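> Need a 3D model of the following:
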Amino acid sequence: MPTFGRFFRWLFSARILKRLFIAFFSVFGLITIAWQFENWRGRTKWETWKAEWEAKGEKFDLASVVPPEVPDDENFANSVLFEPLFDVDSSGKPSDQAALDVAKDRFKLERSPRNSFGWRHGYRRDFTAWEGELLQLDNPPAKGATPVDTVLVALEWYTADMAKLANDVRRPHSRFDIRYEDSFAALLPHLAVQKQAAVLFSLRASARLTKDDIEGALLDTITTILLAESLATEPLIISQLVRSAILQIGVQPFWEGVVDRKWTAAHLAKLRDVLQPIELMRGMALAFRGERNMINYWMDRMRVGEVEMASELDMITGESNLPRIILPDCLVYQNQFHINRIITENVLMGIDLENSRLLAQQFKSLEEEVRMLQEGFTPYHFIAGMLFPAYDRMGIKVSANQAAVDQALIVTALESHRLAKGGYPSSLGALSPEWLSTVPGDWFSDAGLVYRRNTGGTFTLYSIGYNETDDGGECTFGKSKRKTIQWEEGDWPWPSAAAE
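Now for the predicted structure:
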């Protein structure tokens, strides 16, 4: 005990306490200096890189990508069908929940066939499968003389709303009231509604083709395409992916009309007019810039404590167990630098809009970039590492759909040539300038899309695809029953005849 007492008195003596006090504040001061140095280093790294790219014309603020306001009477988004979707307060609470529920489900089909093949596999719409699903509804339609008739009866329920939407979507502008300043928390209820409506129009177009109502089918097919293009100016990846998906829904009846040779020259000219302006790749570039600038806006707010990192990352990544922490400025700046550098230098530089080329290697390098970031000092990169795995496949999805749109445009000219000349041309060059001012090329090859005129009144048309290798016009399918197309492998062909 005497020994312990002497130690205790020594430990808390004025001399030792003074030394401990000096040591503590020395360590604290060193940590503070190091922390401030890291903050300065991160901020300088980000601001220097940003200034270099701003000198090249790049803009990194949110306002630069937000679509401009448009006149109300020219705005498709001001359709009364959409009003309840955005009639909410700043917290997202609707002023009329019942009206919102009606608006959200206005074009919803409760049942639809699963695992049915479509135009990419060379298959027409399976109306027997559709009839089977529709007759299982709680309030099923009357069974028609044929499966097509049953489908058309089921769609009569939506006739008035479809007519209103078809009229409104032909307004010259579309600008939905999205709160872009909410960044990743922004509400986008219109996307699901438009996709549901596209399914109805595409389905009815196919049914009308089968019943030889070609004018009605043309109207519905064009309406489906216009629904997709109403999203063209939205600088969000999800919006551009939904746009691409709706376009593929619209290609189904277009393809059916082609293989069954039901479109006249006048129909083909109208379809050509609506397909010609579509630039999915430009939309993809806009979306990457939009997401990048939204991240910058979000991180600027994070630095001043206006947003909580974990809650918004939950929405981006789907992770629900992220720790609730506040990042120091140095880590925010470092993550901001890496996110902006990779999107700008790897992704955007890989989308060559001027020469209509996608440099697949730039997108493939994302995987390597993420691996390198994860192997480095993780806090400097972890937000980037969580975001980029969700980004790399967009290049594949959108470029595949752009190839389909380009091929559809060429097909309108090929069919016009067949109707005018009695057969398909020997080369795509024969389509210009009579039907096409410029023949679309291949986004993966300077040689352009591969085209051959076949015997038996068909043709071969394909892109060499994401692997940038000519595989003889053959696409690669997965091993599942759905025969999912493996977009990273094989070619991307246009089926010029229906599967037997």
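> buried set for stretch 473-482?
Residues of stretch 473-482 classed as buried: G473, C475 (neighbour count, 16 or more other Cβ atoms under 10 Å). C-beta here means a position set from N, CA and C on the backbone, and glycine is covered the same way.
> actually stretch 118-129, not the one I wrote
Quick answer for stretch 118-129 (16+ other Cβ under 10 Å): G118, W119, R120, G122, Y123, R124, R125, F127.
> Equivalent analysis for stretch 490-500, please.
Residues G490, D491, W492, P493, W494, P495, S496 are the ones in stretch 490-500 that count as buried (16+ other Cβ under 10 Å).
> got the residues you listed as TSV, with distance to E368 and secondary structure columns?
What follows is those, written out as TSV (distance: Cβ to Cβ, whole Å; DSSP: H, G, I helix; E, B strand; the rest coil):
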residue	distance to E368	secondary structure
G490	23	strand
D491	25	coil
W492	25	strand
P493	30	strand
W494	33	coil
P495	35	coil
S496	38	coil
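> What is the lowest-pLDDT residue among the residues you listed?
Lowest in pLDDT among the buried residues of stretch 490-500 is S496, which has 91.
> my guess is it meets W119, correct?
No. Look at S496 against W119 with Cβ atoms under 8 Å: they stay out of range, at 11.2 Å.
> ok, A63 - how many residues close by?
When neighbours are counted by other Cβ atoms under 10 Å, A63 registers 10.
> now it: how far from E181?
In this structure, A63 lies at 10 Å from E181, with Cβ to Cβ, to the nearest Å as the measure.
> And E83, by the same measure?
Taking Cβ to Cβ, one finds E83 at 21 Å from E181.
> can you check P495 too?
Distance from P495 to E181, by Cβ to Cβ: 45 Å.
> How about N167?
To E181, N167 is 32 Å away according to Cβ to Cβ.
> Could you do L188 as well?
Distance from L188 to E181, by Cβ to Cβ: 14 Å.
> just N467 next, same as before
Noted for N467: a distance of 41 Å to E181, by Cβ to Cβ.
> before we move on, what about S432?
Note on S432: its distance to E181, by Cβ to Cβ, is 45 Å.
> so K50 sits right up against T344, yeah?
No. At 9.6 Å, K50 does not count as touching T344 under the criterion of Cβ under 8 Å.
> show me where pLDDT drops low in the stretch 51-200 of the chain?
By pLDDT under 70, the low-scoring segments of the stretch 51-200 of the chain are 115-116.
> on that earlier part again, show me which of L188 and E181 is the more surrounded one.
Counted by other Cβ under 10 Å, L188 and E181 do not tie: L188 has more neighbours, with 17 against 14.
> where does that one land in three-state SS?
What DSSP: H, G, I helix; E, B strand; the rest coil gives for L188 is coil.
> where do the helices sit along the stretch 251-400 of the chain?
Applying DSSP state H, counting those that start in this stretch to the stretch 251-400 of the chain gives helices spanning 265-275, 280-303, 309-317, 329-341, 360-375, 382-387, 394-421.
> mean pLDDT lowest for which of the ones you listed?
Sorting the helices of the stretch 251-400 of the chain by mean pLDDT places helix 309-317 lowest, at a mean of 53.
> hang on, the earlier thing: what's the closest of the buried residues of stretch 118-129 to Q276?
W119 (20.0 Å; Cβ to Cβ).
> and the closest one, backbone torsions?
With angles defined as degrees, to the nearest 10, W119 shows backbone torsions of phi -60, psi -30.
> related to what we said a few turns ago, sort out for me which of the buried residues of stretch 118-129 are in strands.
Assigned to strands by DSSP state E, none of the buried residues of stretch 118-129 qualify.
> which pair in those spans the largest distance?
Maximum pairwise distance among the buried residues of stretch 118-129 (Cβ to Cβ): 18.6 Å, between R120 and F127.
> burial measure for V66, as a count.
There are 18 residues near V66, going by other Cβ under 10 Å.
> er, A160 I mean
A160: 9 surrounding residues under other Cβ under 10 Å.
> what do you get for A192?
So A192, with other Cβ under 10 Å, has 15 neighbours.
> What of P172?
By other Cβ under 10 Å, the residues close to P172 number 10.
> How about L137?
Per other Cβ under 10 Å, the neighbour tally for L137 reads 12.
> what do you get for A142?
Other residues near A142 come to 10 when the count uses other Cβ under 10 Å.
> likewise the one 4 residues further on?
Applying the criterion other Cβ under 10 Å, we find 15 residues in the vicinity of T146.
> contacting residues around it?
Residues in contact with T146 (Cβ atoms under 8 Å, 6 or more residues apart in numbering) are F127.
> For F459, see how far away it is.
Distance, T146 to F459, by Cβ to Cβ: 31 Å.
> what do you get for T438?
Distance of T438 to F459, computed by Cβ to Cβ: 19 Å.
> Looking at those two now, which is surrounded by more residues?
F459 (20 against 10).
> thinking that one is in contact with Y451, fair?
Yes. F459 lies in contact with Y451 (Cβ under 8 Å); the separation is 6.8 Å.
> ok now stretch 267-280, how far from the chain's centre?
Distance of stretch 267-280 from the chain centroid (Cα atoms, centre = their mean, to the nearest Å) equals 20 Å.
> Name the residues of that stretch that come out as buried.
H267, L268, K270, L271, R272, V274, L275, I278, E279, L280.
> just curious, which of those is nearest to N355?
Among the buried residues of stretch 267-280, E279 lies closest to N355 (Cβ to Cβ), at 13.7 Å.
> residues in contact with that closest one?
Counting by Cβ under 8 Å, 6+ apart, E279 makes contact with A232, L353, Q402.
> hmm, 10 Å instead?
E279 makes contact with E229, A232, A285, L286, L353, S356, Q402, V405 under the criterion Cβ atoms under 10 Å, 6 or more residues apart in numbering.
> returning to that earlier point: show me whatever sits in contact with both of F459 and Y451.
Common neighbours of F459 and Y451 (Cβ under 10 Å, 6+ apart) are I410, L414, Y424, P425, L428, W494.
> For the second one, which non-adjacent residue is closest in space?
Spelled out, that is L414. Residue nearest to L414 in three dimensions, not counting chain neighbours: Y424, with 5.6 Å by Cβ to Cβ, 6 or more residues apart in numbering.
> And what about that neighbour, helix, strand or coil?
Here Y424 is recorded as coil under three-state DSSP.
> so what's it up against?
414-415, 417-418, 430-431, 451-454, 457-459, 461, 496.
> what does R175 give?
Counting by Cβ under 10 Å, 6+ apart, R175 has contacts 66-72, 74-78, 230, 233-234.
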